[in-house]
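structure of the sequence below:
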Amino acid sequence: MTTQSVTWQQSTLNGGGFIEGILQDPQFPDVLYARSDVAGVFKSSDGGRSWQARNHGMRECHQHDVRSFALSPHDNQLLFRGSGSVRGGNFFGTIHKSVDGGAYWYPVCRDVDFYGNGETRQYGEVIQIDQHDPTFVVAGGYSAGVWISNDTGENWTYAGLKDERISCVYFHPTQKDTLYVGTIGSFDRDPVFVAQQYDYIRPNPARLYRSCDRGATWEVLHEGMDFAEIVFDPTSPDTLHAACVHDGVMKSVDGGRTWVSHALGLSKYLIGTIAIDPHNPNKLYAGAETFPNSDPEVPPIGVYHSEDSGESWRLIHWHTDADIHNYPVYMTLPYAGWAISKVRVDARNSDTLYISNWYGVSISHDRGLTWDANHFAGMENICIENMVVHPAQPNTLYMVMADHSPKVSTDGGRTFAPMSRPKIETTQPDSTAIVASRHRPDFVLYGIKGASGCSIIRAGGDGSNPQIVFQILATPDTEESRLAFQSRAAGVSVQALAEDPFRPGKFYAYLDGILESGAGLYQSLDWGEHWERLSPIFPDYIKRVPHERQWIENELLSVVIAQTKNVCGTNQLLCVDPHREGTLYIGEWTEGLFRSLDGGSTWQDISRMLPFKRDRASVLNVIRADEHEAGVLYAGFIQEGLWRSSDYGDTWKKLFPTEDQVFNATSVAVGGKDGKLLVVVSEPLYWSPCESSTYVSRDGGQSWQDNYDKRLGAIRWKSVAIEPNQNRIYAGSCGNSAFYLSLD
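Have a look, this model is predicted:
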């Protein structure tokens, strides 16, 4: 096995997630940084108009889930970032340091836990650098308490407040050695919600703490109110303003001991961010965590301002479509203000504001009257489930993903355009699987999943004229669906779609979920117009797929705990053999690989030589048939690597890696100019630790090259595909979008 230095090209989508925070370089104000809950840190050098990911040095699964970051006020090349997650009921995290403006990061502490994709991720920063002492750095964990460093972040020691759910940390701007720490306690009112988050009831209610001795001792200033973000009045040392979630905007004039509200009823939604104008401390801004809805009392973009030091507040503007510019075409007005996480005022010009939210960073040059998304260049909420190349249209490929309808590229992955979908629900559903026809090039089928259920859509190759041809409605609102990620894990979902290569118009659909509710294998003989359910595949003890659903879709593969089924990967466990008509393969993550030789009428288990159940993480993730060599199949396993059969699945042998090491074969593709190009990608996972990688073989798996670009960080690859008759590789990720690579 060798290593080759290559540069993967990134799609113009670039990736992103929920953008939770913004930092601006005061020395060079055109330089901004943004943090994401799944895609790491981004940097802009043009005032926020375009962005590039900065994740070189990340190696583990949680390290793109960034809960906080900090830019030194003494050295604009010095940054810290804190990332982390929860698995198996354990919170964990890493602090990384950069001394070159984010070009490279190295780990400095693993004692502080962060919930980078948790319910407090959009609140204030929990890492800060003392403006009076460049060597003094403080970090607050999700449960591990406060940690301090006296040597610019190289070494860390515990400084108290263990078990507090810390939401924001600050140095007082004028009072040396004085620290403020805010916490969140409202989650504890709902034990079911806490359990869903793998959290625990905290011993104290929400509090505001202060230390006047660099964290040696702490006093409780206030109790019973959530503190999401705090700003200090630079002209009045004892005046603080706070975004207090359910309590809106609050003000204190005695250093944080007592608080009053001058903004009662400001918003129906939570207030999680507040900013003070550095040019005029009497001006304040606050943002609401609104969600897309048709409530006439909820503004589309919930940004509020005060011009009298927080004594009174009002909405900046009730925006219309004419007030938002350069947003993606799928974003209607209510989406522009979805879940505002930060409001910031430009360091140079008080007329310029920034907001970050569910999709990216938007800029206003007129104090919030109008907003420009700049097409979210380099930063867009893109978490890919699967990518599929068109079998008959060169340079055409599709992606399906969370929170979006499918997207299509006709220029070899450089750009993607959203496909239309029927108006079946108000929120953006997930697209889960797609297939393009080799027999009728201008024909696709794709699956979507939302709160209302799952559907199969028939459309033109560009997504035009979408029609629902199959639908199963969601199950009633049970406790399970209440806890699921936006109820999308309840009921049945389109896991995979495939075309029969021998018979035009024949397609298969693999639906996962509860078998009695409709999960199983379906076929259509008339281009998707009608569907029939085929014979049962699995042993009688399996009542739903995945059989170990909680483990597969919530712990092992999902992007985050409590978002069941979110970006676990799709469209890889149904395979139609391209050489032997009527031969089908269906994979079940933990229970086996099944084959039918008669078009789905009968099934047999062909798992005998495969590594099912060697370990709890030994999970089947992909099945792929070689279109160029009859009988050859590939099976990719989490932890166990890539396996190969040369006899239609009768026998199996491990192909890669040959050493006994952990390797997560997340996705595999075979083809290329001579049919011998084989690519396997790996994603880092908590329960199966292995670094992100892309391995390429040009001789059918006899030898391998590592073609990963480590500057990309710890990318969670979900899919890989090869352009037919070309040595062009496409790869899709959770959070960092799509990439392409052409080999000589």
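
use CA for all of it now, contacts and neighbours both
Noted.

tell me the buried residues in stretch 166-180?
Neighbour-count burial for stretch 166-180, counted by 16 or more other Cα atoms under 10 Å, picks out 166-173, 177-180.

measure that stretch end to end?
11 Å (Cα to Cα, to the nearest Å).

who's in contact with it?
Contact with stretch 166-180 is made by 120, 123-132, 138-143, 145, 181-184, 208-215, 227-230, 232, 234, 237, as judged by Cα atoms under 8 Å, 6 or more residues apart in numbering.

now those residues: which count as buried?
Judged by 16+ other Cα under 10 Å, buried ones among these: 120, 123-132, 138-143, 145, 181-184, 208-212, 214-215, 227-230, 232, 234.

among these, which are in strands?
127-129, 138-140, 181-183, 208-211, 229-230, 232 (DSSP state E).

okay, how far is it across stretch 654-673, tip to tip?
25 Å.

state whether residue 348 is indeed within a helix.
No: Residue 348 is assigned coil when assessed by DSSP: H, G, I helix; E, B strand; the rest coil, not a helix.

quick check: it touching residue 27?
No: applying Cα atoms under 8 Å as the test, residue 348 and residue 27 come out as separate, 10.1 Å apart.

and the helices in the stretch 351-500 of the chain, which stretches?
Applying DSSP state H, counting those that start in this stretch to the stretch 351-500 of the chain gives helices spanning 479-483.

please apply the same query to the chain.
Along the chain, counting by DSSP state H, helices occupy 191-196, 333-336, 479-483, 549-550.

would you single out the least confident of those?
Within the helices of the chain, confidence is poorest for helix 479-483, with a mean of 51 (mean pLDDT).

buried sites along stretch 452-468?
452-463, 466-468.

strands - which of those residues land there?
453-459, 467-468.

among those, which two are most distant?
The distance between the two most remote of those (Cα to Cα) is 19.1 Å, for 453 and 459.

any weak-confidence spans in the protein?
Scanning the chain for pLDDT under 70 picks out the ranges 1-4, 424-428, 474-490.

could you chop it up by domain?
According to automatic domain parsing, the chain is divided into the following domains: 55-227, 384-742.

could I get these as CSV with distance to residue 13?
Output for the domains of the chain, formatted as CSV (distance: least, Cα to Cα, whole Å):
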stretch, distance to residue 13
domain 55-227, 17
domain 384-742, 6
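
figure out which of these is closest to residue 352.
Here domain 55-227 is closest among the domains of the chain (Cα to Cα), at 20.5 Å.

end-to-end on that closest one?
Termini of domain 55-227 sit 30 Å apart (Cα to Cα).

which one of the ones in strands among the buried ones among the contacts of stretch 166-180 is nearest residue 414?
Comparing those against residue 414 with Cα to Cα places residue 127 closest, at 36.4 Å.

what sits against the closest one?
Residue 127 sits next to 68-70, 80-82, 137-140, 169 when contact means Cα under 8 Å, 6+ apart.

can you give me the neighbour number for residue 350?
Using other Cα atoms under 10 Å, residue 350 has 17 neighbouring residues.

distance of residue 687 from residue 467?
According to Cα to Cα, residue 687 and residue 467 sit 40 Å apart.

for residue 740, same thing?
As for residue 740, its distance to residue 467 is 31 Å (criterion: Cα to Cα).

kindly report the same for residue 199.
42 Å.

do the same with residue 420
In this view, residue 420 and residue 467 are 10 Å apart by Cα to Cα.

same deal with residue 553?
29 Å.

go on, residue 145?
In this view, residue 145 and residue 467 are 53 Å apart by Cα to Cα.

repeat that for residue 529.
Applying Cα to Cα, the value for residue 529 to residue 467 is 10 Å.

now the helices of the chain in JSON lines, with distance to residue 357?
Listed next are these as JSON lines, based on distance: least, Cα to Cα, whole Å:
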{"stretch": "helix 191-196", "distance to residue 357": "23"}
{"stretch": "helix 333-336", "distance to residue 357": "8"}
{"stretch": "helix 479-483", "distance to residue 357": "23"}
{"stretch": "helix 549-550", "distance to residue 357": "29"}
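
redo those helices as TSV? Include mean neighbour count and distance to residue 715.
Shown next, in TSV, are the helices of the chain (neighbours: other Cα atoms under 10 Å; distance: least, Cα to Cα, whole Å):
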stretch	mean neighbour count	distance to residue 715
helix 191-196	14	26
helix 333-336	22	27
helix 479-483	16	28
helix 549-550	15	24
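
nearest to residue 11, of the ones you listed?
helix 333-336 (22.6 Å).

mind listing residues that contact the closest one?
By Cα under 8 Å, 6+ apart, helix 333-336 touches 291-293, 300-301, 320-321, 324, 327.

what about 10 Å?
Helix 333-336 is contacted by residues 290-294, 298-302, 319-325, 327-328, 356-362, 371-373, 427-428 when judged by Cα atoms under 10 Å, 6 or more residues apart in numbering.

ok, of those residues, which come out buried?
If we count by 16+ other Cα under 10 Å, those have these buried: 290-292, 298-302, 319, 324-325, 327-328, 356-362, 371-373, 428.

check the gap between the nearest residue to residue 410 once chain neighbours are set aside and residue 241 for me.
With sequence-adjacent residues excluded and distances taken as Cα to Cα, 6 or more residues apart in numbering, residue 410 is closest to residue 396, at 4.4 Å. Per Cα to Cα, residue 396 is found 52 Å from residue 241.

which of these two has more neighbours?
For residue 396 versus residue 241, the count of surrounding residues by other Cα under 10 Å is larger for residue 241: 25 against 21.

the more buried one contacts residue 250, doesn't it?
Yes: proximity of residue 241 to residue 250 meets the contact threshold set by Cα atoms under 10 Å, at 5.8 Å.

what is in contact with those two at once?
Between them, residue 241 and residue 250 share the contacting residues 230, 259-261, 310, judged by Cα under 10 Å, 6+ apart.

highest neighbour count among these?
residue 230 (27 neighbours).

how much space is there between that residue and residue 168?
For residue 230, the distance to residue 168 - Cα to Cα - is 8 Å.

joint contacts of those two?
123-125, 180-182.

for residue 43, state which of those residues is nearest.
residue 125 (17.1 Å).

quick one: contacts for that closest one?
Neighbouring residues of residue 125 by Cα under 10 Å, 6+ apart: 20-22, 67-70, 81-82, 139-140, 166-170, 228-230.

show me these that map onto strands.
Judged by DSSP E, strands contain the following of these: 20-22, 67-70, 81-82, 139-140, 166-170, 229-230.
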